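S.K.: Quick one: sequence plus predicted model below, questions after.
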Amino acid sequence: MLYGRAAEQAVIDRLLREARAGRSGALVVRGEPGIGKTALLDHAASGDTRVIRGT
């Protein structure tokens, strides 16, 4: 569980839900080191959807 990240999680969840319905989308996660970007990506990858990461 991510504390204080409900809005960001909702955006990710909506994007994944729309992808399952056949709609394309993209998400850019950026910000200063240590603000939880990887935790948000881990949240996205925790479901049944294939997630591809690049660095």
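M.R.: Everything's here; your move. Since the structure is predicted, the reported quantities are computational estimates derived from the model, not experimental observations.

S.K.: what's the helix or strand for the closest residue to L16 other than its chain neighbours?
M.R.: Taking Cβ to Cβ, 6 or more residues apart in numbering as the measure, L16 lies nearest to T49, with 5.2 Å between them; neighbours along the chain are not counted. For glycine as for every other residue, the C-beta is placed from the backbone atoms N, C-alpha and C. Assigned by DSSP states H and E, T49 falls within no helix or strand.

S.K.: go on, Y3?
M.R.: According to DSSP H and E, Y3 maps onto no helix or strand at all.

S.K.: Got the confidence number for it?
M.R.: The predicted structure scores Y3 at 88 on the pLDDT scale.

S.K.: What's the local residue count around it?
M.R.: Summarising burial for Y3: neighbours were counted as other Cβ atoms under 10 Å, giving 6.

S.K.: longest single helix anywhere in the chain?
M.R.: Residue-count comparison of every helix in the chain, with assignments taken from DSSP state H, identifies helix 6-20 as the longest.

S.K.: For that helix, give me every contacting residue.
M.R.: For helix 6-20, contacts defined as Cβ atoms under 8 Å, 6 or more residues apart in numbering pick out 2, 25, 27, 40, 43-44, 47, 49.

S.K.: any idea which helix or strand of this structure has the worst average confidence?
M.R.: Counting by mean pLDDT, DSSP states H and E, the chain has its least confident helix or strand at helix 37-45, which shows a mean of 90.

S.K.: Now that one: buried residues?
M.R.: Using 16 or more other Cβ atoms under 10 Å as the burial criterion, the residues of helix 37-45 that qualify are 40, 43-44.

S.K.: G47: neighbour count?
M.R.: Other residues near G47 come to 13 when the count uses other Cβ under 10 Å.
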